[in-house]
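> With the sequence up front, the predicted model follows.
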Amino acid sequence: MADNLWALREQKKLSVATMASRAGLSIGLIMEYESGHRSIDPRHLSKLARALYVDEADIKLNTEPRPGTGPLERQVRRDEYRSAPAPAIQAAAPPKPSERAPRTPRAPLPPRIAAPPRPSQLAHLQDLLTRLGRSQADVEAEHGKPLAELDRLTVSALLGKLQTEYRAGKVVERRRAHLPEAVDQFELKYLTAVQEANASLNLTLFDGSHLTGQLIGFGPYNFTLRQADGAEVTVAKLALVCYTRVPEAGGSQEPGA
């Protein structure tokens, strides 16, 4: 059954900033989707599903607002301006050149005070540092102050630099997934090796049943096995308790996940 976007995000224990980073969408757009102010664009549905590690059908396109929350502030529509009566303007004759007052010099503008970083920027920065395997202390040493004391423009430039590094693939390779629902490089390599070896998997499902068959395909959300009788079956990963590689003759059983 489809569920609200905010409910799925909270089930996965993700912040808005983290989910926006995973889906490649803006934080403001995610907040509009979760508040029900805007229905989810079908073009963004697959991105949100991958970020939450669920199927697209699990997400409601029209999210119901969280109980007890107020509506987002909305901009005044243009038609409201058009419907308001225009004030009467009385044309005045331009003053004669001799009657014009001399211009007074403008006072110099006060120096602009740098704005502090937004909480969402700091949360996004922490997430990128974790993904890149970077230490917060090292970044603070480079700038000579704590991250919270940097100004908004400096944090924005730092985010752009780290995002470029992340897209370029400068990510520390993890040996194991850091989240239970994550499909990371370890699982990808493991399942690719199983498939290339024409090996079989033994699946344990939540209902207590077991399935065994040759792994002939897999994706972020499912496995496809060929059973001994030649029948092919596709199993959603959400239905799995665990899976193990069936050992070859004389070998030991190797755990998967």
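Sure thing, it's come through.

> Val54 touches Leu5, doesn't it?
No. Counting by Cβ atoms under 8 Å, Val54 does not reach Leu5; the two are 10.3 Å apart. Where you see a C-beta, it was placed from the backbone N, CA and C, and this is true even at glycine.

> neighbour count winner among the two?
Set Val54 next to Leu5 and count neighbours by other Cβ atoms under 10 Å: Leu5 wins out with 23 against 20.

> My guess is the more buried one contacts Leu48. True?
Yes. Leu5 lies in contact with Leu48 (Cβ under 8 Å); the separation is 6.8 Å.

> okay, and the common contacts of those two?
The contact sets of Leu5 and Leu48 overlap at Tyr33, Ile40, Ile59 (Cβ atoms under 8 Å, 6 or more residues apart in numbering).

> Which ones among these map onto helices?
Mapping the shared contacts of Leu5 and Leu48 onto helices (DSSP state H) picks out Tyr33.

> What about the shared contacts of Leu5 and Leu48, which one has the most neighbours?
That'd be Tyr33 among the shared contacts of Leu5 and Leu48, by other Cβ under 10 Å, with 24 neighbours.

> can you give me the mean pLDDT across stretch 14-24?
In this model, stretch 14-24 has a mean pLDDT of 90.

> neighbouring contacts of it?
9, 26-27, 29-31, 34, 44, 47-48, 50-52, 120, 123-124, 127-128.

> And the strands in the protein, which stretches?
Applying DSSP state E to the chain gives strands spanning 200-205, 210-218, 222-226, 232-236, 240-245, 254-255.

> May I see those strands arranged in a markdown table, with mean pLDDT, mean neighbour count and distance to Ser135 as well?
Output for the strands of the chain, formatted as a markdown table (pLDDT from 0 to 100; neighbours: other Cβ atoms under 10 Å; distance: least, Cβ to Cβ, whole Å):
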| stretch | mean pLDDT | mean neighbour count | distance to Ser135 |
| --- | --- | --- | --- |
| strand 200-205 | 91 | 18 | 38 |
| strand 210-218 | 90 | 17 | 35 |
| strand 222-226 | 89 | 18 | 37 |
| strand 232-236 | 91 | 13 | 38 |
| strand 240-245 | 87 | 16 | 34 |
| strand 254-255 | 54 | 11 | 32 |
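
> Pipe those strands into a markdown table and attach distance to Ala115 per row.
Listed next are these as a markdown table, based on distance: least, Cβ to Cβ, whole Å:
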| stretch | distance to Ala115 |
| --- | --- |
| strand 200-205 | 53 |
| strand 210-218 | 47 |
| strand 222-226 | 46 |
| strand 232-236 | 46 |
| strand 240-245 | 48 |
| strand 254-255 | 51 |
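
> For Gln185, find the nearest of the ones you listed.
Across those, Gln185 has its closest neighbour in strand 210-218 (14.4 Å, Cβ to Cβ).

> Mind listing the strands that closest one pairs with, and their directions?
Paired neighbours of strand 210-218 in the sheet (DSSP bridges): strand 200-205 (antiparallel), strand 222-226 (antiparallel).

> Turn those into TSV, columns for distance to Ala168.
Shown next, in TSV, are these (distance: least, Cβ to Cβ, whole Å):
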stretch	distance to Ala168
strand 200-205	34
strand 222-226	30
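
> Can you report how many residues neighbour the nearest residue to Val54 once chain neighbours are set aside?
The spatial neighbour of Val54 that comes closest, neighbours along the chain excluded (Cβ to Cβ, 6 or more residues apart in numbering), is Leu8 at 6.2 Å. Neighbour count of Leu8, defined by other Cβ under 10 Å: 23.
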